[in-house]
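> pasting a predicted model and its sequence here:
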Amino acid sequence: MPKSDNSLDRRLPQVEKLLKQIRITLSLIPDFPAKPKMTYRNATWRSLVAAFTLVCLSVSMPAKGLVQEPILQTGESVEPPQPDGAVTVSSEQQTETNRDSIARGVVFSDVDKDGRFGPGDSAFVGIRVSNGKEIVVTDQNGRYEIPIQEGGAVFVIKPTGFRTALDANKLPRFFYLHKPNGSPQLKFPGSRPTGPLPQSIDFPLYQQPEPPAFKILLFGDPQPRNNTEVDYVAQDVVSELIGDKSAFGVTLGDIAFDNLDTFRTLNQTIALIGIPWYNVIGNHDLNLDATERENINETFEATYGPSYYSFDYGQVHFVVLDNIDWAAPTEKIQRWHYEGGLGEQQLDFLKKDLAMIPETQMVVLLMHIPIISIKDKSDFFKLIEKRPYCVSISGHTHDHRHLFLGKEDGFNGEKKHHHIVNVTVSGSWWSGARNDNQIPHATMTDGAPNGYSIMTFDSNGYRLDFKAAGLPASEQMRVHVAATVDTNETQNTDVWVNVFNGSEESTVKMSLDNDDEWIEFRKTLEPDPHFVDLWKRDEGVEPKLSKPKDCFHLWTQKLPAGILPGVHLIRIQTTDRHGRTYHAHRSIRVTGTQVPSAQATHSPEATVTGGEE
């Protein structure tokens with residue numbers, strides 16, 4: 001037993017009352033008597049109080065500064081892991097019979113990779129563990145304890161420099177679901193019965209390099225109706241990403257299109273890329289036949305874990321959110337239906353989670369429904385208004401947008417908040433005429449092609465790149481103009497440029513042939529004329545292409561007056577918010593007869609017939 005000292009003796013009475021209230025936690029100590037003599041004058045009790053005081057202090061302290069460089073302690077043996085490798089659980093079970101129990105365990109570096117906490121492993125001090133409500137940190141022995149409710153979960157918040165266990169499909173196993181009786185009977189199965197709460201729920205971590213600069217992949221709405229459309233995902237997107245070296249990927253919800261049986265094949269398909277893959281829940285990923293709100297995520301949870309959680313990678317803190325609120329029938333909508341919202345409990349988790357992250361650290365918020373469409377956005381905004389290094393990303397609307405939210409949007413931060421509505425893998429829900437590979441062109445309703453994003457981080461800086469499925473990375477825009485124009489009508493002819501990843505901070509300009517004079521374009525908000533033509537042309541094709549809607553990255557300008565007859569080259573240049581420049585070109589043929597005048601421009605002799613600059 002540890003020896004006491006006078007300074008510690010003076011502090012013991014101050015903590016004795018608190019320790020009695022949490023007496024249940026002393027079951028962590030081997031051979032602790034069932035009914036000890038609980039007075040600080042008793043030497044055994046005094047030693048236990050001294051040891052446990054340190055535990056209490058470590059649990060109550062914020063995790064700032066601890067999660068970046070975890071402290072390690074030598075471990076001890078516990079029971080082997082579950083078959084799925086998600087967490088290590090003991091074969092012994094707790095005897096609590098009430099709905100609220102206490103989950104206990106250890107977070108450790110699985111040095112020997114055997115899935116169990118043994119003599120060769122190291123325990124982590126100061127690692128965050130959550131139940132979706134509270135967040136605690138592991139003590140000096142790497143141990144935690146936290147309440148857990150039936151139907152709930154406990155999960156580790158991955159620290160920088162380590163990964164959690166991964167299953168065969170590269171899905172992170174960072175959680176334990178507590179469903180003693182399993183999920184209710186539903187069309188799509190949920191969790192099997194987990195039985196009584198295990199005596200110890202342990203989380204193994206594995207060291208990995210995490211440099212300040214790294215990339216991630218972002219998939220919006222793959223949304224396959226069936227396995228045939230999973231094959232579209234495989235051939236149109238995944239095939240070009242095999243062997244990609246991004247740190248990890250994220251699907252931003254609508255993993256499925258109500259048919260949750262596609263989870264399995266889609267997971268196997270995306271796993272071919274070869275990197276860890278996180279998932280956000282979407283409104284088409286729900287158990288729609290559930291009769292209770294608490295059962296709406298059963299299949300998602302059984303497959304991917306909690307619907308909201310957080311983790312660190314490099315110098316960036318990521319938070320996955322569930323902003324799909326399931327609402328009871330109303331007079332207006334006479335059925336159960338989804339609404340955009342986070343809810344009080346999740347907002348409270350987010351508040352506690354961000355309280356442990358310095359305001360100078362980069363934070364990325366991942367969700368399905370765009371932030372501007374959730375009913376509790378004002379409460380959400382308050383949690384991030386003082387964070388200048390914060391970006392949020394969603395999917396859902398099947399278009400691509402960069403939104404910069406300010407006071408007119410209800411965001412009162414000194415700096416506008418950048419929200420990205422990400423391009424979707426399924427484009428316009430796998431609709432439209434088929435290409436040579438018998439895959440629908442699936443052009444999104446804003447006229448941009450289907451695809452995915454690549455997001456690059458470097459400390460607190462980031463940039464997002466748009467990648468069209470099956471096209472070169474350099475193809476970043478589409479130019480739309482009549483193929484033939486009368487020489488007397490050039491000044492009335494519109495040129496449209498859809499810059500797929502464009503924003504209000506982008507610029508677009510045009511030049512003809514070899515002319516060094518550039519004409520600035522103006523940004524407009526209206527449907528892309530190219531997509532309008534495509535939509536009309538695909539009439540009668542099933543699945544039916546969705547109607548055109550306003551494009552948030554469209555620019556327009558008139559051709560110059562007096563272009564002489566002949567074939568001419570329109571050169572387009574766009575510069576993005578990071579100062580990067582991209583080029584495109586399009587030829588036009590000018591017809592008719594015009595008497596040369598001082599206003600006539602661009603004779604055919606000056607026409608350039610080559611490619612991009």
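Now that the structure is in, tell me what you want to look at.

> now the helices for the chain?
Assigned by DSSP state H, the helices in the chain fall at 6-21, 43-60, 227-236, 262-270, 298-304, 344-355, 377-384, 529-537.

> list the contacts of the fifth one.
Helix 298-304 is contacted by residues 153, 171, 177, 183-184, 186, 188-191, 260, 263-264, 267, 279, 281, 285-287, 290, 307 when judged by Cβ atoms under 8 Å, 6 or more residues apart in numbering. (Each C-beta comes from the backbone N, C-alpha and C, glycine too.)

> from those, list just the buried residues.
In the contacts of helix 298-304, burial by neighbour count holds for 153, 171, 177, 183, 186, 188-191, 260, 263, 267, 279, 281, 285-287, 290, 307, counting by 16 or more other Cβ atoms under 10 Å.

> quick check, pLDDT for residue 30.
Looking at residue 30, its pLDDT stands at 37.

> contacting residues around stretch 501-512?
Here stretch 501-512 makes contact (Cβ under 8 Å, 6+ apart) with 400, 402, 404, 464-466, 476-477, 495, 497, 499, 517-521, 523, 552-555, 557, 559-560, 563, 568-577, 601-602.

> low pLDDT regions in the chain?
1-100, 594-613 (pLDDT under 70).

> per-domain residue ranges of it.
The chain breaks down by automatic domain parsing into domains covering 6-60, 71-205, 209-468, 477-606.

> distance between the third one and the chain's centre?
Mean-position distance between domain 209-468 and its chain equals 5 Å (Cα atoms, centre = their mean, to the nearest Å).

> from the buried ones among the contacts of helix 298-304, which land in strands?
Using DSSP state E, 153, 177, 279 are the members of the buried ones among the contacts of helix 298-304 that sit in strands.

> what is the nearest of those residues to residue 420?
Closest approach to residue 420 among these (Cβ to Cβ): residue 279, at 17.7 Å.

> run through the bridge partners of that closest one.
Residue 279 has these beta-bridge partners by DSSP bridges: residue 251.

> was I right about it contacting residue 256?
No. Using Cβ atoms under 8 Å, residue 279 is not in contact with residue 256, being 10.6 Å away.

> now the residue positioned nearest the centre of the chain. Nearest residue, chain neighbours left out?
In the chain, the residue lying closest to the centroid (Cα atoms, centre = their mean) is residue 366, at 3.6 Å. Leaving out its chain neighbours, the residue that sits closest to residue 366 by Cβ to Cβ, 6 or more residues apart in numbering is residue 320, at 5.0 Å.

> residues in contact with that neighbour?
Counted by Cβ under 8 Å, 6+ apart, residue 320 has contacts 250, 278, 279, 280, 307, 308, 309, 310, 366, 367.

> do you know how far the last one is from residue 175?
Right, residue 367. 19 Å (Cβ to Cβ, to the nearest Å).

> roughly how far does residue 253 sit from residue 300?
10 Å.

> what is in contact with these two at once?
What both residue 253 and residue 300 touch, as defined by Cβ under 8 Å, 6+ apart, is the set 281, 285.

> with adjacent residues omitted, what lies nearest to residue 341?
In this structure, residue 341 finds its nearest non-sequential neighbour in residue 325, 3.6 Å apart by Cβ to Cβ, 6+ apart.

> what does residue 158 give?
According to Cβ to Cβ, 6+ apart, the nearest residue to residue 158 is residue 311 (3.8 Å).

> one step back: distance check, the residue nearest to the centre of the chain against residue 258.
22 Å.

> what's the answer for residue 209, then?
40 Å.

> out of these two, which sits in the busier spot?
Higher neighbour count among residue 209 and residue 258: residue 258, with 16 against 8, using other Cβ atoms under 10 Å.

> that one touches residue 284, doesn't it?
Yes. Counting by Cβ under 8 Å, residue 258 does reach residue 284; the two are 5.2 Å apart.

> what sits against the spatially closest residue to residue 526 that is not a sequence neighbour?
The shortest distance from residue 526 to any non-neighbouring residue, by Cβ to Cβ, 6+ apart, is to residue 550 (5.8 Å). Going by Cβ under 8 Å, 6+ apart, residue 550 touches 446, 525, 526, 527.

> if we go to 7 Å?
When contacts are counted by Cβ atoms under 7 Å, 6 or more residues apart in numbering, residue 550 touches 525, 526, 527.

> same deal with residue 582?
Contacts of residue 582 by Cβ under 7 Å, 6+ apart are 476, 477, 574.

> so of those residues, which ones are in strands?
Among these, the residues falling in strands (DSSP E) are 477, 574.

> which one of the contacts of residue 582 is nearest to residue 230?
Taking Cβ to Cβ as the measure, residue 230 lies nearest residue 476 of the contacts of residue 582, at 27.9 Å.

> against residue 270, how distant is the closest one?
Residue 476 sits 25 Å away from residue 270, going by Cβ to Cβ.

> repeat that for residue 585.
For residue 585, the distance to residue 270 - Cβ to Cβ - is 36 Å.

> of these two, which one has the most company?
Set residue 585 next to residue 270 and count neighbours by other Cβ under 10 Å: residue 270 wins out with 28 against 16.

> related to what we said a few turns ago, which one of the contacts of residue 550 has the most neighbours?
residue 527 (17 neighbours).

> contacts only, for that residue.
For residue 527, the contacting residues are 548, 549, 550, 551, by Cβ under 7 Å, 6+ apart.

> just the buried ones among those residues, please.
Taking 16+ other Cβ under 10 Å as the criterion, what is buried in the contacts of residue 527 is 548, 549, 551.

> list just the nearest of those residues to residue 149.
residue 549 (42.5 Å).

> give me the nearest residue to the closest one, chain neighbours excluded.
Excluding the flanking residues, the one nearest residue 549 by Cβ to Cβ, 6+ apart is residue 445, at 4.7 Å.

> quick check: that neighbour touching residue 429?
No. Using Cβ atoms under 7 Å as the test, residue 445 is too far from residue 429 to be in contact (9.7 Å).

> give the intersection of the neighbour lists for those two.
398, 546.

> and for the nearest residue to residue 497 once chain neighbours are set aside, the neighbour number?
Residue nearest to residue 497 in three dimensions, not counting chain neighbours: residue 555, with 4.7 Å by Cβ to Cβ, 6+ apart. Using other Cβ under 10 Å, residue 555 is surrounded by 24 other residues.

> my guess is residue 555 contacts residue 525. True?
No. Under the criterion of Cβ under 7 Å, residue 555 is not in contact with residue 525, lying 10.8 Å apart.

> what would the buried ones among the contacts of residue 527 look like in CSV with distance to residue 103?
Rendered in CSV, the data for the buried ones among the contacts of residue 527 read as follows (distance: Cβ to Cβ, whole Å):
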residue, distance to residue 103
548, 51
549, 47
551, 49
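
> dump the residue contacts of residue 349.
Residues counted as contacts of residue 349 (Cβ under 7 Å, 6+ apart) are 130, 132, 133, 308.

> keep only those of those that are in strands.
Judged by DSSP E, strands contain the following of the contacts of residue 349: residue 130.

> what about burial for the contacts of residue 349, which qualify?
Neighbour-count burial (16+ other Cβ under 10 Å) applied to the contacts of residue 349 gives 130, 132, 308.

> out of these, flag the one nearest to residue 592.
Proximity of those to residue 592 (Cβ to Cβ) peaks at residue 308, which lies at 62.9 Å.

> quick check: closest non-adjacent residue to that closest one.
Spatially, and ignoring its direct neighbours in sequence, residue 308 is nearest to residue 322 (4.6 Å; Cβ to Cβ, 6+ apart).

> since that was my last question, I'll sign off now.
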